[in-house]
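> what follows is a predicted structure for the sequence shown.
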Amino acid sequence: MEASATKAEPRRNPFSSPMARFIYKRVLTFIPIMLIMSLLIFIIIQLPPGDYLTTYIAGLKAEGQVVEEAEIAMLKEQFGLDQPWYVQYFKWIWNIITDFNFGYSFDFGRPVWPVIAEVLPMTIAVSLITMLFGYLVGIPLGIYSAVRQYSLGDYVLTFIGFLGMAMPNFLFAILLMYGTYIWTGTAFIGLYTEEILLAVNSGAMQWYHVLVHPDFWARMTIPILVMGTDGLCGTLRSMRAQMLDELGCQYVLAARAKGVSEARIIYKYCLRAALNPTVSGLSGMLSKIFNGSTISAIVLNLQIMGPRLYDALKAQDMYLAGTILLVMGFLIVLGTLLSDIVLAWLDPRIRFEGRSAD
Amino acid sequence: MTMQEKKALRAQQRAEKQRKKEESYYLASQWTLMARKLGRHHLARVSLVILAILYLSALFADFIAPSNLTAYNSKAQSLPPTQIHLFHEGEFIGPFVYESAWETKKMSVKEMQAAKKAAQEAGIPFSTKQIVTDTTTPHKLRLFVEGPAYKWLGLIESNIHLFGTESGVGVYLYGTDTMGRDLFSRLLLGSQVSLTIPFAGTAISFVLGILLGSISGYFGGKIDNVIQRVIEVLNSLPSLPLWMALSAAIPPNIPPVQMYLMITVILSLIGWTGLARVVRGKFMSLKNEDFVVAARLAGVSDMKIILKHLVPGFMSYLIVSLTMGIPGMIIGETSMSFLGLGIQAPATSWGVLLKEAQSVTNIAQNPWCLIPLIYVVIAVLAFNFLGDGMRDAADPYK
């Protein structure tokens, strides 16, 4: 459109390299997305009728306690529940931006951030481990499946791939728990053994100590399998399809004719091009892990963010639920951003397209 | 007519047939060609048959199921699948069942202590109750027996069921649940919900996806930007809180039909984004084609260009992506009902049935409560394979 303007711009712009400009542009869109998301989250949490206080007061009344109107009014004012929702929303956002104050958890009786900070490192660790598992296993298997198309291994992998995508995560969790129960006599429930849990609660162990504990990894096997299988199978399927497309391309024929080794063709040329959709699916995978993990984490009784969100939503502990959603959303948007940057690095066309679209 | 003439005639007829066949191939519409290609895809064909069986049994569930949703037998709680026998006391008398029920064992204190000890050593919970099977009287299986009354599709009243026993002794093909209800019947009646919600939901997603996707792709610019951001935000939000918030907003005690519709709407409100992306991409690539520009110059309205010229052009792709979207909806409904956010009693669905599989101890004691899981996986797999076959069929380059 305004080609002349964009041509002159790069000289004065500090972000002169296309890559830096691309990152700068993507980071800018980050802010409005987070704002829209926070508003949407707030509306969603406010959607169910009633709020924490009404439930709480109803509970007190059911126990036969007398709650005075004045006391209710005081509590409402204290939590700002007497104001319309948009005022509450702006207060919440304002406090987050200016003060890093995410509000107060009614259910836990303390500020929201420490409640989340307890489980945040473990949540990120579990998600990252699951994601790595999905990629590190899915990509090689996908390549194998494509290179040995229609072999026995390919058929087996295709079948597993479809089965993994068809099986709801939480039911897979139940099956595995049942399996371990039958084989070992104890169901592997929760992330920590009693010993670790005691140490964590007394503060003797930090989350990074837990990460290197062998018992923790024994407990992690089922969660990794359960949450990772979905992503793994998706990666496997898309890697296979992409690799097959690439292997059918003319340049592969040309390279073969020139005597380039098969390994070089696959890893140097085809893989790089075939990785594209897998990388752009990174954010989708992240949100899949968060989504899928919530229900399976409830089933498996993992001490991560998902079950805490579920409880908070059930109890209408709105600031806690809202903040957890915000953090999850933030991580997913961050994942999208990272995957876009990696994509631009992988595929030069995308960097330059960003510039010409101005 | 001589032999030669006959031969020539036959050859002529053969040639005519061949020509007709070729003609029908060349004149066949895009849809006929797709159907032919689909028929050659083995997995898709098998899936189609499986889906047909599933849907037919859902359609005639009231008739096939020996029981209904509310009937229960307090003596038949958590019974394993009923065995069907053919020989009674060494004599062939056709298929029949024995009656099984929970009964309290009569025993002396000493016996009880011994049994307790044995149970402890074996590591199984001790109970004075046990399943007693009465093997003295066979109950013959009959076709078209009378049972609980139902109204098929809300139209035809009847009480004839496909199979059962004349004495009314329960035939539990898949065992019973913890309340003594027949799992097979509940599974079939539940499939009426579990298998139709995806279709209703997809229909709504379809309309939303085409509408917003085409607006986004056709007009581009600012509108496109806004719609794309909305999709991004919707995609980044975990679906669990959306389900929880939206299903908490459903008023309690509404009739099952309304509840069903509400849940469908919830699922499709989240599910339309993928389709919108596909539609948008197609529009972006088609909108500058000559025939579209020509139509625009000729003064055809935007809406008419979208609906008459563009949408039919990639309808096959849409149908493929719809088929691929159905499994997600099945799993979505199952998860919602599993968490108690979806269908509520007395109505049932596969997810509701799987609630029994929430605890490991329950599965260990009644492994047959996992049977609905097999149905979910089969239905999802079949739709996936069908979608795969359709994608291949819709691709003119393959």
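Right, received. Where do you want to start? Residues are numbered from 1 along each chain as shown, chains lettered A, B, ... in the order given.
> who in the stretch 151-300 of chain B is up against chain A?
B:229-230, B:232-233, B:235-242, B:244-246, B:248-249 (CB under 8 Å from any CB of the partner chain). C-beta here means a position set from N, CA and C on the backbone, and glycine is covered the same way.
> I'd like the mean pLDDT over stretch A:284-299, please.
For stretch A:284-299, mean pLDDT is 74.
> for it, buried residues please.
Residues A:284-299 are the ones in stretch A:284-299 that count as buried (16 or more other CB atoms under 10 Å in any protein chain shown).
> the strand ranked longest in chain B pairs with which strands?
Longest strand in chain B, counting residues (DSSP state E): strand B:129-152. Note on strand B:129-152: by DSSP bridges, its sheet partners are strand B:91-104 (antiparallel), strand B:156-165 (antiparallel).
> coming back round to it: buried ones from the residues of the stretch 151-300 of chain B next to chain A, can you make that a ChimeraX selection?
Selection of buried members from these for ChimeraX, criterion 16+ other CB under 10 Å:
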select /B:230,232,233,235,236,237,238,239,240,241,242,244,245,246,248
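> just the residues of the stretch 151-300 of chain B next to chain A: which are in helices?
B:229-230, B:232-233, B:235-236, B:239-242, B:244-246, B:248 (DSSP state H).
> residue B:329 versus residue A:200, what's the distance?
Distance of residue A:200 to residue B:329, given as CB to CB, to the nearest Å: 40 Å.
> disregarding flanking residues, what is the spatial nearest neighbour of the residue of the stretch 151-300 of chain B found nearest chain A?
Relative to chain A, the nearest point of the stretch 151-300 of chain B is residue B:248 (3.4 Å; CB to the nearest CB). Nearest residue to residue B:248, sequence neighbours excluded (CB to CB, 6 or more residues apart in numbering or on different chains): residue A:48, at 3.4 Å.
> report the secondary structure state of that neighbour.
Recorded secondary structure, residue A:48: coil (DSSP: H, G, I helix; E, B strand; the rest coil).
> surely it is in contact with residue B:245?
Yes: here residue A:48 reaches residue B:245: they are 5.8 Å apart, a contact under CB atoms under 8 Å.
> quick one: the residue nearest to residue A:167 when sequence neighbours are not counted from residue B:148, how far?
Ranked by CB to CB, 6+ apart and with sequence neighbours excluded, the top spatial neighbour of residue A:167 is residue B:377, at 5.7 Å. Look at residue B:377 and residue B:148: by CB to CB, they are 30 Å apart.
> more neighbours, the two?
residue B:377 (19 against 15; other CB atoms under 10 Å in any protein chain shown).
> please name the residues that touch that one.
A:163, A:166-167 (CB atoms under 8 Å, 6 or more residues apart in numbering or on different chains).
> swap in residue A:316?
A:45, A:48, A:50-52, A:55.
> quick one: which of those is the most crowded by neighbours?
The contacts of residue A:316, ranked by neighbours (other CB under 10 Å): first place residue A:45, 23 neighbours.
> ok, and the closest non-adjacent residue to that one?
Using CB to CB, 6+ apart, the closest residue to residue A:45 is residue A:318 (4.8 Å).
> could you list every residue that touches that neighbour?
Going by CB under 8 Å, 6+ apart, residue A:318 touches A:45-46, A:51-52, A:312.
> do you know how far the residue nearest to residue A:167 is from residue A:299?
For residue B:377, the distance to residue A:299 - CB to CB - is 17 Å.
> one more: residue B:367?
17 Å.
> now swap in residue A:101 and tell me
In terms of CB to CB, residue A:101 sits 34 Å off from residue A:299.
> again with residue B:12
On the measure of CB to CB, residue B:12 and residue A:299 end up 71 Å apart.
> next: residue B:49.
From residue B:49 to residue A:299 the distance is 33 Å (CB to CB).
> same check, this time on residue A:54
Taking CB to CB, one finds residue A:54 at 30 Å from residue A:299.
> of the buried residues of stretch A:284-299, list those near chain B.
Among those, the ones lying close to chain B by the criterion of CB under 8 Å from any CB are A:284, A:287, A:290-291, A:294-295, A:298-299.
> which helix or strand contains the closest residue to residue A:149 other than its chain neighbours?
Spatially, and ignoring its direct neighbours in sequence, residue A:149 is nearest to residue A:244 (6.6 Å; CB to CB, 6+ apart). Using DSSP states H and E, residue A:244 falls within helix A:214-247.
> and that helix, how far out from the chain's middle?
In terms of CA atoms, centre = their mean, to the nearest Å, the centre of helix A:214-247 is set 15 Å apart from its chain centre.
> what is the subsequent helix or strand relative to it?
That would be, after helix A:214-247 and using DSSP H and E, helix A:250-257.
> what lies in contact with that next one?
Contact partners of helix A:250-257, identified using CB under 8 Å, 6+ apart, comprise A:246, A:262, A:264-265, A:269-270.
> the closest residue to residue A:245 other than its chain neighbours: what's it in contact with?
Excluding its sequence neighbours, the residue lying closest to residue A:245 (CB to CB, 6+ apart) is residue A:274, at 7.5 Å. Residue A:274 sits next to A:239, A:242-243, A:245-246 when contact means CB under 8 Å, 6+ apart.
> which among these count as buried?
Buried among the contacts of residue A:274 by 16+ other CB under 10 Å: A:239, A:242-243, A:246.
> surely residue B:162 meets residue B:142?
No: the criterion here is CB under 8 Å, and residue B:162 misses it with residue B:142 at 10.1 Å.
> for the stretch 1-150 of chain A, which residues are neighbours of chain B?
So the stretch 1-150 of chain A meets chain B at A:32-33, A:36-37, A:40-41, A:44-45, A:47-49 (CB under 8 Å from any CB).
> can you put the strands paired with strand B:129-152 in a markdown table and add mean pLDDT and mean neighbour count?
Output for those, formatted as a markdown table (pLDDT from 0 to 100; neighbours: other CB atoms under 10 Å in any protein chain shown):
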| stretch | mean pLDDT | mean neighbour count |
| --- | --- | --- |
| strand B:91-104 | 81 | 15 |
| strand B:156-165 | 84 | 15 |
